[in-house]
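Enquirer: what shape does this take:
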Amino acid sequence: MTPEFLADNELHTQIQYRLIEQISESERRYRELVENLREIVFKCDKTGNLTLLNKAWTLTLGYSASECLNRPMDDYLHAEDRELWLNFLTQMYTQQDLACWELRFHHKNTEIIWLELSARSEAQGEISGSLTNITDRKRAQAALKEANAALQMRIEQLRVENRERKQTEATLVQSREQLKEQKQQLEATLQELRQTQSKLIHAEKMSSLGQLVAGIAHEINNPINFIYGNIIHANEYIQDLLDLVCLYQQQYCAPVKEIQEKIKNIELNYLLADLPRLMSSMQMGADRISEIVLSLRNFSRLDEAEIKPVDIHEGINSTLMILQSRLKGANNHIPIQIIKEYGELPQVECYAGQLNQVFMNLLSNAIDAVVSRCQSEAIDGEYYQGVQERDRELSFTPMIEIHTEVAGDRYIVIRIIDNGIGMTEVTRRRIFDPFFTTKPVGKGTGLGLAISYQIVVEKHGGLLECSSEVDKGTEFLIKLPLGLSY
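Expert: Now for the predicted structure:
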């Protein structure tokens, strides 16, 4: 053999080794990815015996993968779904198209788990696919169906009652005076029903908002905790590496040419100076996200008892955090200053979630009032800080003040004061009436302050008052007992 042939043969052998290593690494990464998926990944043979399972199988159904391999999948299926699975296997023998089914499985603790099956047949006759947990969705659908049935039953009952009431009214009408009185009663009842319906709709929206906020906070909490917990260690590791680089520079003042070119290309001095600042910025961002998540959880309070002692300042601060975009001046609006003068308040026994709704309504109205005054005082009625309006100055500083203090031994007082557009005395007297609003059509329901009044006065036995002056501002005063037993 010639030297050239031997060299080519050795090169070919090295290429084969590298390809084998790359294929092994790809397989390892693929297995690791499959193992860490949230969905169950499985394979089974023609008869339905399981040949591959990832960790999600154990996390979802409680069975270990080792005890389930080489066993039929229908051993873990609900009895009513086994025939469906067998029909599925029969269909997969004759086609390779992707198929989706919804099946019920038995958890190890006997709980019923709904899984959505997505699978296709392989060329070797095996079946591979995934199982996605849809139990929550199925339960929600069942609850919705039950609620709709109850609602339809209630509607039918109301219809029957309405027909009976009309029949009774027809028999009782004997004179025009009686007819007039009944008409007035019906109008009052209709108005009350409208108010009750609107309040229920508003309460449901606020409840849905609280659930949405709590869900978002829960989903964000886990990844940010991971980032927040590891960024400290990452900062230490990077600082150690930077110290090592500096030590190398001190001990080896004349590195080889390749190292000098690399230092020049990556701008090492700038990197050493900027990397700590970059890590500091990331730390600040993680801190900020943690604060936002905490504020969202405090605002929703879905994981707490309905009545409990709470820190009122915590609820106000959480509401301000949620309204931060409007306070900072989104869409080039002038930012609104918040002045907080908090007294030393004890914890107050109350419906915390409902009080947060009151703070949200009052602070949102205060922001609207301040924005309206800014718009009315700005030149040409425009309320923007664009390039051409930077020299414009308002005759006042947009501001909202929040004061808290203890009143006597049994009450606390919260005052929310804005320097907005204010309101007339006629308007002030009607602001707590249901459906009364000064906002344009489509931008206000007239229920926010009415429901706030109901929460403070009727639910908590407190006091909600308003004082206002046109073009000066408005003050809302909330007086709450320290406990609902007072």
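
Enquirer: which residues of the stretch 201-350 of the chain fall in helices?
Expert: Here the stretch 201-350 of the chain has its helices, by DSSP state H, counting those that start in this stretch, at 257-266, 268-300, 312-322, 324-327.

Enquirer: tell me which of those helices sits nearest to Gln239.
Expert: helix 268-300 (7.2 Å; Cβ to Cβ). Placement of C-beta: from N, CA and C, glycine included.

Enquirer: distance to Cys466, mean pLDDT and mean neighbour count added to the helices of the stretch 201-350 of the chain, as a markdown table?
Expert: Formatted as a markdown table, the helices of the stretch 201-350 of the chain follow (distance: least, Cβ to Cβ, whole Å; pLDDT from 0 to 100; neighbours: other Cβ atoms under 10 Å):
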| stretch | distance to Cys466 | mean pLDDT | mean neighbour count |
| --- | --- | --- | --- |
| helix 257-266 | 63 | 81 | 10 |
| helix 268-300 | 24 | 71 | 15 |
| helix 312-322 | 18 | 85 | 20 |
| helix 324-327 | 21 | 80 | 15 |
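
Enquirer: these: which one's closest to Leu131?
Expert: helix 268-300 (31.0 Å).

Enquirer: okay but Thr51 is in contact with Leu69, surely?
Expert: Yes - using Cβ atoms under 8 Å, Thr51 is in contact with Leu69, at 6.7 Å.

Enquirer: for these two, indicate the residue with more neighbours.
Expert: Leu69 (16 against 13; other Cβ atoms under 10 Å).

Enquirer: quick check: pLDDT value at the more buried one.
Expert: Note on Leu69: pLDDT of 89.

Enquirer: got phi/psi on it?
Expert: phi -60, psi 150 (degrees, to the nearest 10).

Enquirer: now it: how far from Leu52?
Expert: Using Cβ to Cβ, to the nearest Å, we find Leu69 at a distance of 8 Å from Leu52.

Enquirer: list residues touching both of these two?
Expert: Residues touching both Leu69 and Leu52 by Cβ atoms under 8 Å, 6 or more residues apart in numbering: none at all.

Enquirer: strands along this structure, start to end?
Expert: With DSSP state E, the ranges of strands along the chain come out as 40-44, 50-53, 99-106, 112-121, 127-133, 307-310, 337-341, 348-351, 399-407, 411-418, 463-469, 473-481.

Enquirer: got the angle for the longest one vs strand 99-106?
Expert: In terms of direction (axes from the mean of the first three to the mean of the last three Cα atoms, to 10 degrees), strand 112-121 departs from strand 99-106 by 150 degrees.

Enquirer: so what secondary structure elements neighbour strand 112-121?
Expert: helix 55-61, helix 79-94, strand 99-106, strand 127-133, helix 135-172 (3 or more Cβ pairs under 8 Å, 6 or more residues apart in numbering; DSSP states H and E).

Enquirer: just send these back as TSV, with mean neighbour count too.
Expert: Listed next are those as TSV, based on neighbours: other Cβ atoms under 10 Å:
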stretch	mean neighbour count
helix 55-61	19
helix 79-94	14
strand 99-106	17
strand 127-133	19
helix 135-172	11
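
Enquirer: and these as JSON lines, adding mean pLDDT and distance to Ile307?
Expert: Shown next, in JSON lines, are the helices and strands packed on strand 112-121 (pLDDT from 0 to 100; distance: least, Cβ to Cβ, whole Å):
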{"stretch": "helix 55-61", "mean pLDDT": "87", "distance to Ile307": "36"}
{"stretch": "helix 79-94", "mean pLDDT": "80", "distance to Ile307": "44"}
{"stretch": "strand 99-106", "mean pLDDT": "81", "distance to Ile307": "39"}
{"stretch": "strand 127-133", "mean pLDDT": "86", "distance to Ile307": "34"}
{"stretch": "helix 135-172", "mean pLDDT": "85", "distance to Ile307": "25"}
